[in-house]
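Trainee: Sharing a model that was predicted from the sequence below.
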Amino acid sequence: MTTTRKHLTREDLAPLTRAALGPARTLTAVTRLRGGTKKGVYRLTLDDDSTAIAYVWSQDEDYWDAGPSDLRDPFSHGTGLDLFTAANARLTGAGVRTPRLRHADATHRHLPADAAIVEDLTGGSLEEALRRDPDTGATALARFADTLTALHAHEGPTFGKVALVDSGGVSSADSCEQRVTDGALRDIAATAVRDARIAAVRDDLEARLRELAAGVRPRSRHTLIHGELGPDHVLLDADGHPALIDIEGLMYFDVEWEHVFLRIRFGRHYDALGAPALDEDRMNLYRLAMHLSLVSGPLRLLDGDFPNPGPMQAIAESNLLRVLELLEG
């Protein structure tokens with residue numbers, strides 16, 4: 001586990017900025033943006049007051065300390081330049097807005113890490129718009145609903161990460177529902193050693209998961225989904241149009257997985273995003289599994305040196321209470 005982390009400075013990022021944006025501009029300021037747990041996100045300000053965003057994938061920027069990742073697992077540690085560029089290309093090809101990629105660098109000549117530079121979207125997040133201005137937020141939400149429709153109109157030949165499937169690879173799991181069930185069982189085990197409330201109902205939770213999984217019918221349709229699409233992962237451009245960020249987890253999967261997450265994160269605004277013909281058996285299984293994941297993941301992160309533990313602890317606690325409610329219901 002990394003205990004001393006070095007965040008980047010203007011001097012560190014100047015060579016990469018020059019290679020990406022040309023020698024005519026000088027990097028004058030760097031601001032590390034909060035919120036990322038898997039990569040560093042830095043706003044670059046140039047001498048003409050224009051800005052760009054640098055993404056940096058390095059051990060110092062990844063608070064999960066997850067180690068090697070198996071690309072064949074749809075839910076493996078979703079981070080890295082290769083995953084990002086594959087997702088960026090797939091979204092662009094699908095006509096789904098994401099910050100424009102200006103430069104990708106895996107050479108480590110300008111920075112001792114994989115990095116990319118993308119456009120800086122200045123309209124804030126959809127989350128901020130919904131909180132700040134009901135009218136602006138409603139317009140942005142309607143546009144985001146159109147973005148979701150465009151995203152989910154695309155399907156893949158099988159399920160798995162876009163970087164894997166689009167290069168002809170095959171996932172290691174037998175089906176979406178089997179991978180979700182197996183992951184949820186691991187989440188129960190991991191949480192039971194950290195929280196006595198889950199330990200006390202572990203057997204009941206495992207039985208309930210297996211019962212829900214048994215009710216899911218096979219399916220061969222696999223939809224393009226973001227996977228963690230909360231309102232903080234939607235930025236607005238200067239004209240108020242939405243763009244998806246944190247896209248490395250982009251995959252072909254059951255659309256119900258996306259909608260369970262959307263319902264959790266958008267709360268009362270979710271009705272504007274609902275989709276017809278969702279499979280309720282999958283929704284029930286994925287709802288319990290998602291809440292278990294949102295307990296296990298934050299608690300694992302808190303085992304390390306994540307610098308802002310309060311919000312993560314709150315996420316874990318609220319989702320743990322929801323798990324117990326679903327079990328009782």
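Mentor: Arrived safely, thanks for sending. These figures come from a predicted structure and were not determined experimentally.

Trainee: which residues of the stretch 51-200 of the chain score low on pLDDT?
Mentor: The stretch 51-200 of the chain contains residues with pLDDT under 70 at 66-67.

Trainee: And the strands in it, which stretches?
Mentor: Along the stretch 51-200 of the chain, counting by DSSP state E, counting those that start in this stretch, strands occupy 51-57, 101-105, 114-119, 155-156, 160-161.

Trainee: Let me know which of these is tucked in deepest.
Mentor: Mean neighbour count (mean count of other C-beta atoms under 10 Å) peaks for strand 160-161 among the strands of the stretch 51-200 of the chain, with a mean of 28. In short, each C-beta sits where N, CA and C put it, glycine included.

Trainee: Return the list of helices and strands in contact with that one.
Mentor: Packing contacts for strand 160-161, counted by 3 or more C-beta pairs under 8 Å, 6 or more residues apart in numbering; DSSP states H and E, involve strand 251-253.

Trainee: From residue 103, how far out is residue 111?
Mentor: 11 Å (C-beta to C-beta, to the nearest Å).

Trainee: Touching stretch 42-51 from outside, list them.
Mentor: 8, 13, 17, 21, 25-33, 52-54, 56, 117, 120, 122 (C-beta atoms under 8 Å, 6 or more residues apart in numbering).

Trainee: How far does that stretch sit from its chain's centre?
Mentor: 26 Å (C-alpha atoms, centre = their mean, to the nearest Å).

Trainee: Flag every buried residue along that stretch.
Mentor: Using 16 or more other C-beta atoms under 10 Å as the test for burial, stretch 42-51 gives 42, 44-46.

Trainee: Show me the beta-bridge partners of the nearest residue to residue 85 once chain neighbours are set aside.
Mentor: Spatial nearest neighbour of residue 85, chain neighbours left out: residue 104 (5.5 Å); criterion: C-beta to C-beta, 6 or more residues apart in numbering. Here residue 104 sits in beta bridges with residue 116, going by DSSP bridges.

Trainee: Report the separation between the closest residue to residue 244 other than its chain neighbours and residue 113.
Mentor: Closest residue to residue 244 apart from its sequence neighbours, by C-beta to C-beta, 6+ apart: residue 98 at 5.0 Å. Look at residue 98 and residue 113: by C-beta to C-beta, they are 21 Å apart.

Trainee: In terms of packing, which of these two has more residues around it?
Mentor: residue 98 (25 against 21; other C-beta atoms under 10 Å).

Trainee: OK, contacts around that one?
Mentor: 87-88, 91-92, 243-245, 247.
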